[in-house]
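A.B. asks: Sequence plus predicted model, see below.
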Amino acid sequence: MQMHISPPVSISTYNLDLLLGSNPNLIAVFDASDRLILANASFREVYFCDPAQRPYWHEFMRQNFIHRRGPLIETDDIEAWLTAADARRGTVPHRAFEAEMVDGRIFWITETLDLKGFLVLVASEITALKAPGRNIRVERDEARRASWTDELTDVANRRYVMKTLRDWLSQRLQEETFGEHAIALIDIDRFKDVNDRYGHDFGDVVLIEFCRRFVSGIRLQDLFGRMGGEEFLLFLPNCSVADATLRLQAILKDIGSIRFAQAPDYSCSFSTGICSVRPDRRPDRTLDHTLSTADRLLYQAKASGRRCIVSEEPAE
């Protein structure tokens with residue numbers, strides 16, 4: 001089996017023996033920015049990836065949708081679909097799911113995320129095992145995804161965010177070393193004034209574009225979701241508060257560059273409170289304390305004039 005590796009990239013942590021030999025399984029590795037850095041010929045054939053390129057996941061998924069090939073994506077709005085997928089992709093250490101291709105083939109896909117944010121994908125064709133009850137399973141999976149997605153913005157909703165954080169904490173609190181992790185609460189500045197001045201329809205446009213731009217600026221393993229109204233949460237695993245602050249500053253600058261045809265004089269911005277996740281023996285207590293701290297810092301940011309990021313002081 002011919003392998004295509006686009007240098008330069010360090011893949012010393014992966015067992016290349018898995019990728020050698022005659023293997024019909026699809027195998028791919030994505031970096032922390034969700035860029036394809038390694039893939040075997042089987043993966044590139046199914047997903048139509050040029051061996052000479054290292055595309056981002058959303059790039060080749062968008063192209064496949066446009067050309068009606070590769071994975072079967074049933075949507076009228078590919079950008080909304082990509083936003084929803086990006087918001088959940090890589091937010092759990094391991095997941096497995098069934099995927100159908102435009103040509104009718106069906107694959108069982110597993111994705112595993114390591115601590116550095118690299119995602120390893122392995123897929124096996126199960127077309128021959130297709131059971132009569134598959135449509136029922138697909139409908140069930142679609143209903144579950146809908147229950148975890150914010151209907152307007154297509155990012156994760158509060159239910160998904162809280163469940164994912166609790167599950168993550170339950171696992172990590174059992175480990176010997178906890179590490180550095182950050183949580184940010186984000187509030188769009190003066191959003192009530194936006195609705196009052198331009199109307200709720202424009203307010204919805206702002207929320208949708210805000211989420212699309214925000215998701216494009218975070219890492220694969222980061223968790224971003226809408227907590228309600230104009231408030232959002234960003235969880236950055238394996239990231240210090242100092243690094244999280246720098247990332248949010250870059251996103252704040254990018255968000256400020258958005259221009260809306262309906263209101264050319266409007267400039268979107270947000271305020272943020274960022275703190276570290278300090279472990280307790282119980283996941284709920286850890287989460288409650290962390291969110292309470294982030295909320296206090298967010299209040300300080302809003303009181304400081306908005307368009308502001310307030311970070312927790314490092315522990316001495």
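C.D. replies: Nice, I can see it. This is a predicted model, so every value here is computed, not measured.
A.B. asks: so where do the strands sit in the stretch 51-200 of the chain?
C.D. replies: 94-100, 106-113, 119-125, 156-157, 182-188 (DSSP state E, counting those that start in this stretch).
A.B. asks: which of those has the lowest average pLDDT?
C.D. replies: Mean pLDDT is lowest for strand 94-100 out of the strands of the stretch 51-200 of the chain, coming in at a mean of 87.
A.B. asks: buried ones in it?
C.D. replies: By 16 or more other CB atoms under 10 Å, the buried positions in strand 94-100 come out as Ala99, Glu100. For every residue, glycine as well, the C-beta is placed using N, CA and C.
A.B. asks: Give me the nearest residue to the residue nearest the centre of the chain, chain neighbours excluded.
C.D. replies: Central residue of the chain (CA atoms, centre = their mean): Ala87, 3.2 Å from the mean position. Closest residue to Ala87 apart from its sequence neighbours, by CB to CB, 6 or more residues apart in numbering: Val155 at 4.1 Å.
A.B. asks: Hmm, Met227 and that neighbour touching each other?
C.D. replies: No. Contact between Val155 and Met227 fails when scored by CB atoms under 8 Å: they sit 10.5 Å apart.
A.B. asks: Give me the more crowded residue out of the two.
C.D. replies: Under the neighbour definition other CB atoms under 10 Å, Val155 and Met227 were set side by side, and Val155 has more, 26 against 18.
A.B. asks: those helices in the stretch 1-150 of the chain, which residues are they?
C.D. replies: Ranges of helices in the stretch 1-150 of the chain, per DSSP state H, counting those that start in this stretch, are 41-47, 57-66, 78-88, 134-147.
A.B. asks: Who are the packing partners of the shortest one?
C.D. replies: Same thing as helix 41-47. For helix 41-47, the packing partners by 3 or more CB pairs under 8 Å, 6 or more residues apart in numbering; DSSP states H and E come out as strand 3-5, strand 26-30, strand 119-125.
A.B. asks: can you tell which of those is closest to Leu236?
C.D. replies: strand 119-125 (16.2 Å; CB to CB).
A.B. asks: Return the residues in contact with Val29.
C.D. replies: Ile11, Tyr14, Leu36, Ile37, Leu38, Ala39, Phe118, Leu119, Val120, Leu121 (CB atoms under 8 Å, 6 or more residues apart in numbering).
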